[in-house]
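**Q** pasting the sequence and the predicted model now:
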Amino acid sequence: MESTVDNNLITRPENILGRVITSAKIRDAVKGIKRIKRSHRQIKAENVFRKTIIIIALATVVLVLGIMLTLIMQSVLSIKATGIGYLWGKTWDPVRDIFGAYPFILGTIFTSFLALFISIPFSFAVAIFLGEYYPKGWLPNLLKNTVELIAAVPSVIYGFWGLAVLVPIVRSLETKIGVQPVGLGIFTSSLILAVMIIPYAASLGQSMIKMVPSNLKEAAYSLGATRWEVIRSVILPYTKSGLFAGILLSLGRALGETMAVTMVIGNTSLIPKSIFAPGNTMASVIANEFTEADHPVYLSALIELGLVLFLVTVVINMVGKRLTKQFTN
Amino acid sequence: MKYRIGKSTGFQVLTITLAFACVVPLIFILIYILQAGITKINWHFITNLPKPVGEVGGGIANALLGSMIIIGCASVIAIPFGILCGIYLSENKTSKLAYWSRLCVDILQGVPSIVIGIVAYFWLVKPLGGFSALSGSAALAIMMLPIIIRSTEETLLMLPDSLREAAYALGMPFHRVILKVIIPCGISGILSGVMLSVARIAGETAPLLFTAFGNPYLSGNIFKPMQSLPLLIFNYATSPYNDWHDLAWGASCILLIFVLLLNIFTKLITRKWKVQL
């Protein structure tokens, strides 16, 4: 490009004679044009980039709406066929086309709340230990990291371990107290779930307890309160909503947990009679029967189960998040 | 007074006992699985296909390869998407879209994995006409997103504004400020988020049940069903055959070691660069 410009300069006499345009000036001009072009390109790229990230942020919203819409649309068939009675219909018999989700809803509530009940003392103990008694040092640090690792173990491995180790233990326990010894059942899955959900309430509770202003605690100590009294009448009341949020997050986890529960709950569609009876949760029914569902209403009934699960966990998580946010502000 | 001090000490002892009791099941599980699995792992186990019931030996090569491919595809989808969304959220703290996007990320984090499996079934398996590894990857990518987005956003928000302002003052355009200054500064935080998300999905089974489906043969085609480690563990663990249980123990051991190492490694990174997630 520039070489042709130079050639022109030499061959055209009027350029060589009086005109002030030198090759250096032309080169400058070309450079200037290039620079303008480059900055133009930069501005274009900047706009493209800005638009891309806006589109992607929009896409997350679309994704969640899409999930909800898909679930609703695919369960319309079952909603039409069974109506609102779906939720408390007591029989689930795909062969005769009777779909009542009550046994599974009951099973889910049983397992999750029993698991929550078992895990709360442990997760609160971890939270109080790390938040109040020993917030620093290598041993608490180790405990903290180990408890967080509990959440990292894949649920299918918990299920397998439960099947191999916990089921025989529960079975012998059941023979001792005189229940029909199955081993598989709601109690076993609650035990596994309880272990799995400890870290959620523990880590949130721990950070909440650390945020209690020290002047409140010091005031209580100066009035002669013992450590236990400070915990009971200052720390726990102050962090009440935060601890509750931790419990909710744990509950959300427990409700949606699929694999570990599927492997040890026994998978029957009957209404569970006691906590030792086998049963099914909403998630485990979907996992077991989804690929076997051979007619549209059956499939749609399973998806309606998924929709219920989705809505319940969304509400629980939202309330939990809201509480946490309120507390931290 | 003595009674009150005694009560206080009693509570302290109780708390400490309960707190450390939490760790016991984890240690039990680790020891049990390492014991049951480590003897099964050898070269033959890693490089061979599972044998039919009754034949001795056999390995999990198909599941290892499948897991790698599925996780790889999921990462390819989720990492750029997640990081870009995290950038948007950290750059636009107050916009309406950011509020809704953040809300949706929160929702996504709580969605049970099995529900994501259902959705992936209707979005990809049905239109493509069959179970495929790609649909499994998509389901896992949806599960990775919230973790990557959150960690990117939090990391970028922690960087001082002066960094951004200095870059702007030099006349850098927006995308170069982000890509050449902000991202390199926060790379360790973003990276640990990515690794955490990989660790989280590596053991996910539920969304793969009706997407990747499983496959007893070696397959590298992402449009066909594919085996993965957690699927293999689930199928073989619930089968009545001892040979298959052995395969499942070996596979559990490999999966567990991989996931735990990834988690510990992430912890070390975050501590070294002092980022918080």
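**A** Received, thanks.
**Q** so where's chain B uncertain?
**A** Counting by pLDDT under 70, chain B contains low-confidence ranges at B:272-277.
**Q** where do the strands of it begin and end?
**A** Counting by DSSP state E, chain B has no strands at all.
**Q** domains of it?
**A** Chain B breaks down into these domains under automatic domain parsing: B:2-37, B:39-272.
**Q** right, and chain A sits closest to which residue of chain B?
**A** Of all residues in chain B, residue B:203 sits closest to chain A, at 2.2 Å by Cβ to the nearest Cβ. In short, each C-beta sits where N, CA and C put it, glycine included.
**Q** the residue in the stretch 201-329 of chain A positioned nearest to chain B: neighbour count?
**A** Nearest residue of the stretch 201-329 of chain A to chain B: residue A:256, at 2.7 Å (Cβ to the nearest Cβ). Residues near residue A:256, counting by other Cβ atoms under 10 Å in any protein chain shown, number 27.
**Q** chain neighbours aside, what residue packs nearest to it?
**A** Computed as Cβ to Cβ, 6 or more residues apart in numbering or on different chains, the closest residue to residue A:256 that is not its neighbour in sequence is residue B:112, at 2.7 Å.
**Q** next one: phi and psi at the one you found?
**A** When read as degrees, to the nearest 10, the backbone of residue B:112 gives phi -60, psi 140.
**Q** related to what we said a few turns ago, OK, contacts around the residue of the stretch 201-329 of chain A closest to chain B?
**A** Contact analysis of residue A:256 by Cβ atoms under 8 Å, 6 or more residues apart in numbering or on different chains lists A:283, A:309, A:313, B:110, B:111, B:112, B:113, B:114, B:115.
**Q** give me every residue that touches the last one.
**A** When the contact criterion is Cβ under 8 Å, 6+ apart, the partners of residue B:115 are A:67, A:71, A:256, A:306, A:309, A:310.
**Q** one more: the fifth one?
**A** Contact analysis of residue B:111 by Cβ under 8 Å, 6+ apart lists A:67, A:256, A:310, A:313, A:314.
**Q** state the distance from it to residue A:140.
**A** 33 Å (Cβ to Cβ, to the nearest Å).
**Q** take the contacts of residue B:115 and keep only those in helices.
**A** A:67, A:71, A:256, A:306, A:309, A:310 (DSSP state H).
**Q** setting the sequence-adjacent residues aside, check what's closest to the residue most central in space within chain B.
**A** Nearest residue to the geometric centre of chain B (Cα atoms, centre = their mean): residue B:200, 2.1 Å. In space, and not counting its chain neighbours, residue B:200 is closest to residue B:147: 6.3 Å by Cβ to Cβ, 6+ apart.
**Q** thinking again about what came up before, test my guess that the residue nearest to the centre of chain B contacts residue B:143.
**A** Yes. At 7.0 Å, residue B:200 counts as touching residue B:143 under the criterion of Cβ atoms under 8 Å.
**Q** what sits against residue 150?
**A** Since you didn't name a chain, this refers to chain A. Taking Cβ under 8 Å, 6+ apart as the test, what residue A:150 contacts is A:195, A:196, A:198, A:199, B:22, B:25, B:26.
**Q** chain B was what I was after
**A** B:86, B:105, B:109, B:193, B:277.
**Q** how close does the second one get to residue A:137?
**A** So the one you mean is residue B:105. 35 Å.
**Q** so these two - more neighbours on which side?
**A** Neighbours were counted for residue B:105 and for residue A:137 using other Cβ under 10 Å; residue B:105 has more, 25 against 9.
**Q** how far away is that one from residue A:319?
**A** Distance from residue B:105 to residue A:319, by Cβ to Cβ: 17 Å.
**Q** how about the nearest residue to the residue of chain A found nearest chain B, chain neighbours excluded?
**A** Nearest residue of chain A to chain B, counting by Cβ to the nearest Cβ: residue A:154, 2.2 Å away. Nearest residue to residue A:154 in three dimensions, chain neighbours excluded: residue B:203, at 2.2 Å (Cβ to Cβ, 6+ apart).
**Q** number of residues surrounding the one you found?
**A** 24.
**Q** just to check, it is in contact with residue A:158?
**A** No. Contact criterion Cβ under 8 Å: residue B:203 and residue A:158 do not qualify, at 9.6 Å.
**Q** now do the contacts for residue B:196.
**A** B:147, B:151, B:262, B:263, B:266, B:277.
**Q** rerun that using 7 Å as the cut-off
**A** Listed by Cβ atoms under 7 Å, 6 or more residues apart in numbering or on different chains, the contact set of residue B:196 reads B:147, B:266.
**Q** ok, and the most crowded of the contacts of residue B:111?
**A** residue A:256 (27 neighbours).
**Q** need the pLDDT of it.
**A** Note on residue A:256: pLDDT of 90.
**Q** domains for chain A, by residue range?
**A** When chain A is cut into domains by automatic domain parsing, you get A:2-70, A:88-328.
**Q** how about JSON lines for those domains, with distance to residue B:234 added?
**A** Output for the domains of chain A, formatted as JSON lines (distance: least, Cβ to Cβ, whole Å):
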{"stretch": "domain A:2-70", "distance to residue B:234": "24"}
{"stretch": "domain A:88-328", "distance to residue B:234": "5"}
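**Q** enumerate the residues of the stretch 1-150 of chain A near chain B.
**A** Proximity of the stretch 1-150 of chain A to chain B (Cβ under 7 Å from any Cβ of the partner chain) is limited to residues A:42-43, A:45-46, A:49-50, A:52-54, A:56-58, A:60-61, A:63-64, A:67, A:70-71, A:74, A:121-122, A:125-126, A:128-129, A:133, A:143, A:145-147, A:149-150.
**Q** show the contacting residues for the residue nearest to residue B:200.
**A** By Cβ under 7 Å, 6+ apart, the neighbours of residue B:147 are B:193, B:196, B:197, B:200.
**Q** how about residue A:75: what's its closest non-neighbour residue?
**A** Distance criterion Cβ to Cβ, 6+ apart; nearest residue to residue A:75, sequence neighbours excluded, is residue A:304 at 3.7 Å.
**Q** buried sites along stretch A:30-48?
**A** Buried residues in stretch A:30-48, counted by 16 or more other Cβ atoms under 10 Å in any protein chain shown: A:42, A:46.
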